[in-house]
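> Predicted model and sequence below, questions to follow.
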Amino acid sequence: QKEVEQNSGPLSVPEGAIASLNCTYSDRGSQSFFWYRQYSGKSPELIMFIYSNGDKEDGRFTAQLNKASQYVSLLIRDSQPSDSATYLCAVRVNQAGTALIFGKGTTLSVSS
Amino acid sequence: GAVVSQHPSWVICKSGTSVKIECRSLDFQATTMFWYRQFPKQSLMLMATSNEGSKATYEQGVEKDKFLINHASLTLSTLTVTSAHPEDSSFYICSARDSGRTYEQYFGPGTRLTVT
């Protein structure tokens, strides 16, 4: 059974702070890792994807991957109230084109 | 680019009736589409993988005779919920994989189904 685990939160941070979201996965053969943001009642939108160990930065977002520890994280710098949403970690195992396995999501609340 | 649409965006139906949801890739070809279901405060659960021109692959616990999937073209997949019951009320989301790229997968806006 392939699993993706996330702390459901809520994670509360003040505006301007760094929000750190964590995710672990069970299948060591997983190849692709994704972070999605989902606002209430809306479909998920892709924020970042990462395939290789290390850090990947895109604007205020940094994804970090450690395959040995089966751990992937998302850092949001200078958090804004508009970042308040549920963040879903998703994993795809080995084959391109196979479906994503989602974690249950972490709810982030950024207070102004 | 890479837009996926779903129709309808929301639907209310009576128990026992059938509802069809369409998922279209508007500006790319998608040999593979995925159907997810999301209950309130839960994560997305994969229901089935839809491949153009062949039978869909259903996840364990998903009744293929209840959730009919047809992927008749490279831009359209449909999900029909047959003999709907109130417990089928959920948010149904499709995603489409761009056949021209290896890893890109795009989500539709979702369909909110309420069965009364």
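Structure's in. What do you need?

> How many neighbouring residues does A:Gln70 have?
Using other CB atoms under 10 Å in any protein chain shown, A:Gln70 has 16 other residues around it. From N, CA and C alone the C-beta is placed, and that goes for glycine too.

> ok, it - contacts?
Taking CB atoms under 8 Å, 6 or more residues apart in numbering or on different chains as the definition of contact, the neighbours of A:Gln70 are A:Thr24, A:Tyr25, A:Ser26, A:Arg28, A:Ser30.

> do A:Phe49 as well
Residues near A:Phe49 by CB under 8 Å, 6+ apart: A:Ser32, A:Phe33, A:Phe34, A:Trp35, A:Ala63, B:Tyr103.

> between the contacts of A:Gln70, which has the most around it?
Of all the contacts of A:Gln70, the highest neighbour tally under other CB under 10 Å goes to A:Tyr25, namely 22 neighbours.

> which parts of chain B sit against chain A?
Counting by CB under 8 Å from any CB of the partner chain, the positions of chain B adjacent to chain A are B:32, B:34, B:42-46, B:49, B:91, B:93, B:95, B:97, B:102-103, B:105-110, B:112.

> hmm, 6 Å instead?
Taking CB under 6 Å from any CB of the partner chain as the measure of proximity, chain B contacts chain A at B:32, B:34, B:43-44, B:46, B:49, B:93, B:97, B:102-103, B:107, B:109-110.

> Filter the residues you listed down to the ones in strands?
Taking DSSP state E, the ones among those that sit in strands are B:Thr32, B:Phe34, B:Leu46, B:Thr49, B:Ile93, B:Arg97, B:Phe107.

> Could you list which of the contacts of A:Gln70 also contact chain B?
Judged by CB under 6 Å from any CB, the overlap between the contacts of A:Gln70 and the neighbourhood of chain B is nil.

> would you turn the residues you listed into a markdown table with secondary structure and pLDDT?
Output for the contacts of A:Gln70, formatted as a markdown table (DSSP: H, G, I helix; E, B strand; the rest coil; pLDDT from 0 to 100):
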| residue | secondary structure | pLDDT |
| --- | --- | --- |
| A:Thr24 | strand | 96 |
| A:Tyr25 | strand | 95 |
| A:Ser26 | coil | 93 |
| A:Arg28 | coil | 88 |
| A:Ser30 | strand | 88 |
